[in-house]
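Visitor: Have a look at this prediction, sequence included:
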Amino acid sequence: MAHDVGAFVATLASRSTHTRRAYEHDVREFVGWCERGGCPEPGALDHRVLRRYLAYLQTRKLARATTARKAAAVRAYVRHLRRQGVLARDPAADLHTPKGGRRLPRVPRVEDAAALLATAAGAGGARARRDLAVLELLYGCGLRVAECCGLDVGDVDLRRRSVTVLGKGSKVRRLPLHDAARDAVAAYLRSGRPELLVEPTDALFLNARGRRCTPRDLRRILERLPLPDGRRLHPHALRHAFATHLLDGGADLRVVQELLGHADVATTQVYTHVTRDRLKRVYESTHPRA
């Protein structure tokens, strides 16, 4: 019996596009290693084979997070083989895999975010109105890049000042729109999107070809809008800023968790470390006894 990666990928339908792509790549890489002599038959996978593969990954000197992701993809694939009856037991169940570590996100300051939005608001044209609406939603609602790209026109309710987002795991959440975000989206819908529209589509944000914006399109928006010091942000940095600035302002951690769409509050807690680091830096740079 040969490895069937396609059947495994089909089980990832509820995962994000990014996760599906990464897991498929990682599992195909693992299967390729197996077929080169590691273990051609999926039914012969055991704890020893998996340990050898982890050792092989370590020799490639990958980043810890990358190694951890590849190990997680292989664990998921092995669980799939167990569910399909290919394996009598899960040899990865007691396998100690490397942890990716948690890097604190680099977060733009409040004044950086304000300067970025002011620059975007000062430009003219359909593309500029789209860019401002995108930035207001990324920073004002804390959207993931894929969530922003996936928005349809009907997902935005300007009258109720809300946006409905399809997040990871196909979980839906409804987020409030502040006045600036509402006004930016309204202006884009009124006199930006019609100019970018080429053929009928439900997509909210359109690129220069009239197609739904992709994560690459959003990265290009930030590349065109450097901060006053010349730095350029990644779109996801605005989600980090959303969470951090809320916590800096006294927001409850559980509320921020819901707004971000995190399944586990532990994921949200990384931002409390960011705010503590920032408080420490302010204290050390301003207090006369620090």
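Guide: Nice, I can see it.
Visitor: Could you give me the buried positions within the lowest-mean-pLDDT helix or strand in the chain?
Guide: Using mean pLDDT, DSSP states H and E, helix 270-286 stands out as the lowest-scoring helix or strand of the chain, at a mean of 72. Residues of helix 270-286 classed as buried under the neighbour-count rule (16 or more other C-beta atoms under 10 Å) are Val270, Tyr271, Val274, Thr275. All C-beta spots, glycine's among them, are computed from the backbone N, C-alpha and C.
Visitor: other SSEs contacting it?
Guide: helix 235-248 (3 or more C-beta pairs under 8 Å, 6 or more residues apart in numbering; DSSP states H and E).
Visitor: what's the very next helix or strand once past the helix it packs on packed up against?
Guide: Using DSSP states H and E, the helix or strand that directly follows helix 235-248 along the chain is helix 253-260. Where contact means 3+ C-beta pairs under 8 Å, 6+ apart, helix 253-260 is packed against strand 172-176, helix 235-248, helix 265-268.
Visitor: roughly how far is the last one from the heart of the chain?
Guide: Think helix 265-268. How far helix 265-268 lies from its chain's middle: 14 Å, per C-alpha atoms, centre = their mean, to the nearest Å.
Visitor: mean confidence score for it?
Guide: Average pLDDT, helix 265-268: 80.
Visitor: Give the other helices and strands that it contacts.
Guide: So helix 265-268, by 3+ C-beta pairs under 8 Å, 6+ apart, packs with helix 253-260.
Visitor: residues making contact with the helix it packs on?
Guide: The list of residues contacting helix 253-260 from outside it, by C-beta atoms under 8 Å, 6 or more residues apart in numbering, reads 141-142, 173, 175, 239, 242-243, 246-247, 265, 267-269, 271-272.
Visitor: can we see that at 7 Å?
Guide: Defining contact as C-beta atoms under 7 Å, 6 or more residues apart in numbering, one finds that helix 253-260 is touched by Gly142, Leu175, Ala243, Leu246, Leu247, Val265, Thr268, Gln269, Thr272.
Visitor: Report the angle between the least confident helix or strand of the chain and helix 253-260.
Guide: For helix 270-286 against helix 253-260, the angle by axes from the mean of the first three to the mean of the last three C-alpha atoms, to 10 degrees is 120 degrees.
Visitor: Alpha carbons of helix 270-286, as PDB, please.
Guide: C-alpha atoms of helix 270-286 as PDB (Å, rounded to 0.1, in the frame of the first residue of the first chain):
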ATOM      1  CA  VAL A 270       1.600  36.500  24.300                       C
ATOM      2  CA  TYR A 271       0.400  40.100  24.000                       C
ATOM      3  CA  THR A 272       0.400  40.600  27.700                       C
ATOM      4  CA  HIS A 273       4.200  39.900  27.600                       C
ATOM      5  CA  VAL A 274       4.500  42.500  24.900                       C
ATOM      6  CA  THR A 275       2.800  45.100  27.000                       C
ATOM      7  CA  ARG A 276       4.900  44.200  30.100                       C
ATOM      8  CA  ASP A 277       8.000  44.600  28.000                       C
ATOM      9  CA  ARG A 278       6.800  48.000  26.800                       C
ATOM     10  CA  LEU A 279       6.000  49.200  30.300                       C
ATOM     11  CA  LYS A 280       9.400  48.100  31.500                       C
ATOM     12  CA  ARG A 281      11.100  50.000  28.700                       C
ATOM     13  CA  VAL A 282       9.100  53.200  29.500                       C
ATOM     14  CA  TYR A 283       9.900  52.900  33.100                       C
ATOM     15  CA  GLU A 284      13.600  52.400  32.600                       C
ATOM     16  CA  SER A 285      13.800  55.300  30.200                       C
ATOM     17  CA  THR A 286      11.800  57.800  32.200                       C
END
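Visitor: list the contacts for the closest residue in space to Asp248 that isn't next to it in sequence?
Guide: Of all residues not flanking Asp248 in the chain, Thr275 sits nearest, at 5.4 Å (C-beta to C-beta, 6 or more residues apart in numbering). Applying C-beta under 7 Å, 6+ apart to Thr275 gives the contacts Thr244, Leu247, Asp248.
Visitor: if I look at Thr275, how far off is Ala115?
Guide: To Ala115, Thr275 is 21 Å away according to C-beta to C-beta, to the nearest Å.
Visitor: again with Ala92
Guide: Distance from Ala92 to Ala115, by C-beta to C-beta: 48 Å.
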